[in-house]
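*Asks:* Next one to model:
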Amino acid sequence: MGQIFEIQEDGTILRGGSQPSKKTKIWLIVILLIIAGIIGIVYISNPKNGKVKHPKMEDVTMFPDREKVKNVINQYYTILKNNQYDKLDNLYAYNVNRYFGESNVRGASIKERTRKYEEDNLGIYEKNFNVRWNTFEIGVVVPLNDDRTDGNKASVSYILDYDLNCRKLGYKEFIIKMYIEINEDYKIVSIYEDIISRK
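*Replies:* Got it, this is the predicted structure:
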């Protein structure tokens, strides 16, 4: 077998061994393509190169929105303070899983239940609510089963100072731990309390 000489464009003569096999050439091409692909991906995904637009935090909608949840709570106590029971329909979901000591309550029935309890049963003359926002905690409840009809819920807890003056009890002060679940439409689906103290 003789030697192979190769003449370059500039006129230099290279002396080498045998030519690389066809299989070796294919592997070299594959390796070069892989390297080029990796370099391209790294270049394109680098935000400094301006090729990929990353969303800003304000563009991303996250559930639960802390301020929207606080707004629901503020509306709730404003409605109760002003005896605007008809407006409770706007805050409750169609089906409420837990309403204090009851289960599976229709949201539309809550306004009348609340009115009867406060006016007919207790005879409230005056009431005040103060949410201790420094105790406000929020999390997300994700359904455990594959049935996603309920969707995610915001699970909220906080301490509430509640005082009232009424026919049945006279003047009372309560410190209450509140638990509320709010669905992705920002409607209340569960509400109950633990009384910490009363005077």
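*Asks:* CA atoms for contacts and neighbours, from now on please.
*Replies:* Noted.
*Asks:* Now do the SS call for E67.
*Replies:* Look at E67: counting by DSSP: H, G, I helix; E, B strand; the rest coil, its state is helix.
*Asks:* For this protein, give the helix that spans the most residues.
*Replies:* helix 22-45 (DSSP state H).
*Asks:* Please tell me how far that one is from the chain's geometric centre.
*Replies:* Here helix 22-45 shows a centroid-to-chain-centroid distance of 42 Å under the convention C-alpha atoms, centre = their mean, to the nearest Å.
*Asks:* Output that helix as PDB, nothing but the C-alphas.
*Replies:* Output of helix 22-45 as PDB, limited to C-alpha atoms (Å, rounded to 0.1, in the frame of the first residue of the first chain):
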ATOM      1  CA  LYS A  22     -16.800   6.100   5.800                       C
ATOM      2  CA  LYS A  23     -18.000   5.000   9.200                       C
ATOM      3  CA  THR A  24     -15.500   7.300  10.900                       C
ATOM      4  CA  LYS A  25     -16.600  10.300   8.800                       C
ATOM      5  CA  ILE A  26     -20.300   9.700   9.700                       C
ATOM      6  CA  TRP A  27     -19.400   9.600  13.400                       C
ATOM      7  CA  LEU A  28     -17.400  12.800  13.100                       C
ATOM      8  CA  ILE A  29     -20.400  14.500  11.400                       C
ATOM      9  CA  VAL A  30     -22.800  13.300  14.100                       C
ATOM     10  CA  ILE A  31     -20.600  14.500  16.900                       C
ATOM     11  CA  LEU A  32     -20.200  17.900  15.200                       C
ATOM     12  CA  LEU A  33     -24.000  18.200  14.800                       C
ATOM     13  CA  ILE A  34     -24.500  17.300  18.500                       C
ATOM     14  CA  ILE A  35     -22.000  19.900  19.600                       C
ATOM     15  CA  ALA A  36     -23.500  22.600  17.300                       C
ATOM     16  CA  GLY A  37     -27.000  21.700  18.700                       C
ATOM     17  CA  ILE A  38     -25.900  22.100  22.300                       C
ATOM     18  CA  ILE A  39     -24.200  25.400  21.600                       C
ATOM     19  CA  GLY A  40     -27.300  26.600  19.800                       C
ATOM     20  CA  ILE A  41     -29.600  25.700  22.700                       C
ATOM     21  CA  VAL A  42     -27.300  27.300  25.300                       C
ATOM     22  CA  TYR A  43     -27.100  30.500  23.100                       C
ATOM     23  CA  ILE A  44     -30.900  30.700  22.500                       C
ATOM     24  CA  SER A  45     -31.900  30.000  26.100                       C
END
